[in-house]
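J.: Sequence first, then the predicted structure:
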Amino acid sequence: MSETYDVVLIGGGVMSATLGTFLQQLQPDWKIAIFERLGEVATESSNAWNNAGTGHAALCELNYMPNPTDPSKAVAINEQFQQSRQFWSSLVDQGILDAPSTFINATPHMTFVRGKKDVAYLKRRYQTLKKQALFDTIEFSTDSRVINQWAPLLMDKRRKTDQPFAATRVTGGTDVDFGALTRQLISAMTERGANLLLDTEVRNLTKLKDGTWRVDYRRRIGRAPGRLNARFVFVGAGGWAIKLLQRSGIPEIKGFGVFPIGGQWLKTSNPAIVARHKAKVYSQAAIGAPPMSVPHLDTRVVDGEASLLFGPFATFSPKFLKRGSMWDIVGQVRLSNIGSMLKVAVTNLDLVKYLVTELLKTHRKKIESLREFMPTAEGGDWELLNAGQRAQVMKGGKLQFGTEVVAAADGSIAGLLGASPGASTAVSIMLGLLGDCFPDRIADWRPKLVELIPTYGQTLNKDAATAHDVLARTAAELHIDA
């Protein structure tokens, strides 16, 4: 007789950790199991060196606001991040998370652009966002002396040309170590009774007549098989999710495919360089580049040590995870999605051209790209790191660059596909999943959710006083006062 769990979480990343933490708060009597195919949690997309660690709040990322007069998506992203901040603050207060500085640090968010067209765009964007309660601290400048005060490495020895430049800054931005955050959440879950199965790969998901799911797995060491049952399954396994959702047989996954895009960073830990740059500075993406490949020069704080990253530089591998299979991209093909995938291939030639160009870049060429941000960059100060794999959603013949929850009609299984803004909005994504998959319980859970996230169900940007109060309160509680 197989053991039965109330909840099975597949994948030891920030999504599973966030959902599992919510469920332990809401239903402490539920029995939870977490599967991770590798020997540690947070080793793929949630690992600190596999992502930029930007607390994505649309403060500096231009791809969230392509139309400078329409702030709706930027506001929505920021609203979601404020939920994350409130949730983390509540967990720090409970002792579930360690001292805030172990996973989040104050880091100004900036945008830097060059050329008349982009400067005009950035100014219009600034004028629009300045009127929004969540963005009203944003600053704009075309003065090299001011920008030099904000981020000296951008201006140091920059040649005076006819090309204008401009920057915006929000001092209330953050750098987040999602690896540390995930490890702390899962550690707290296991202390409260969750069963963590490392080096264990889920091989198949089968819906049983009683409505539960049979979860077949195999130990990667020794290859011993195992089986258990689950009343609810969440597949938060990054690029691996599409495989398991397809094997589950739910009709909702039909038509979906994913396209893997990898990345590399230039990194320096040279104290003299790191000390002169404390910001995350984003710019415009190259033609054909996916939004996740927007160039940026970032302060990172990982395990208490500060460093700088520049990139990402796109790479390509057929694997859906860094430690995936070379057959991943082929193994996903089904009759229901092949037409959509072929259409994506035909209609995204700019992306193909961009990827080829990126793959041909030498270390010297990558340093030249860095010098567009930091004119004084020297190749010997920077090393190349491989970032994580991102499996971008393909659906309806289009390549999407967000995240999408795919859930069965009966709410018994759900999975997450896609990437950016991902981890930063994990709390909001999981709140939506709770409502979709547990509609008969969400009303009873509401008081606890409001306790964890005081503005749960509210729209902050419509109420300046409340928005400012939440920003100030969570900044103080998380020790990220600007």
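T.: Now that the structure is in, tell me what you want to look at.

J.: and Gly211, helix, strand or coil?
T.: coil (DSSP: H, G, I helix; E, B strand; the rest coil).

J.: Give the closest residue to it in space, chain neighbours not counted.
T.: Once flanking residues are discounted, Gly211 sits nearest to Ser412: 6.4 Å by CB to CB, 6 or more residues apart in numbering. C-beta here means a position set from N, CA and C on the backbone, and glycine is covered the same way.

J.: Isn't Ala48 up against Phe178?
T.: Yes: applying CB atoms under 8 Å, one finds Ala48 in contact with Phe178, separated by 6.6 Å.

J.: ok, those two, which is more surrounded?
T.: Phe178 (26 against 21; other CB atoms under 10 Å).

J.: burial measure for the residue nearest to Gly211, as a count.
T.: A total of 18 residues lie near Ser412 under the criterion other CB under 10 Å.

J.: separation between it and Val233?
T.: Ser412 sits at a distance of 7 Å from Val233 (criterion: CB to CB, to the nearest Å).

J.: Which phi and psi values does the residue nearest to Gly211 adopt?
T.: Recorded main-chain torsions at Ser412 are phi -80, psi -10, according to degrees, to the nearest 10.

J.: Quick check: it vs Asn229, distance?
T.: Distance, Ser412 to Asn229, by CB to CB: 12 Å.

J.: Spit out the residues that contact those two alike.
T.: Thr212, Trp213 (CB atoms under 8 Å, 6 or more residues apart in numbering).

J.: could you pull out the helices for the stretch 101-250 of the chain?
T.: 116-129, 144-150, 152-155, 178-191, 241-248 (DSSP state H, counting those that start in this stretch).

J.: least reliable of the ones you listed going by mean pLDDT?
T.: Out of the helices of the stretch 101-250 of the chain, helix 241-248 stands lowest, with a mean of 92 (criterion: mean pLDDT).

J.: Show me what that one is packed up against.
T.: If you count contacts as 3 or more CB pairs under 8 Å, 6 or more residues apart in numbering; DSSP states H and E, helix 241-248 packs onto strand 200-207, strand 225-235, strand 413-418.

J.: That one to strand 225-235, inter-axis angle?
T.: Put simply, helix 241-248 runs at 110 degrees to strand 225-235, going by axes from the mean of the first three to the mean of the last three CA atoms, to 10 degrees.

J.: Which SSE is immediately downstream of helix 241-248?
T.: The helix or strand immediately downstream of helix 241-248 is strand 257-268, counting by DSSP states H and E.

J.: Can you read off the backbone torsions of Gln284?
T.: phi -80, psi 150.

J.: Start at 52, not 1
T.: Will do, 52 is the new start, and the previous item becomes Gln335.

J.: Was I right to think it contacts Phe163?
T.: No: in this structure, Gln335 is not within contact of Phe163 by CB under 8 Å, at 9.5 Å.

J.: So for those two, which residue has more residues nearby?
T.: Each of Gln335 and Phe163 has its neighbours counted (other CB under 10 Å); Phe163 has more, 27 against 19.

J.: got the contact list for the residue nearest to Gly262?
T.: Counting by CB under 8 Å, 6+ apart, Ser463 has contacts Lys258, Gly262, Thr263, Trp264, Arg282, Phe283, Val284, Cys488.

J.: 7 Å - rerun?
T.: Going by CB atoms under 7 Å, 6 or more residues apart in numbering, Ser463 touches Gly262, Trp264, Phe283.

J.: Bridge partners for the last one, pull those for me.
T.: Beta bridges link Phe283 to Val58 when assigned by DSSP bridges.

J.: Kindly provide the distance from Gly289 to Val126.
T.: From Gly289 to Val126 the distance is 28 Å (CB to CB).
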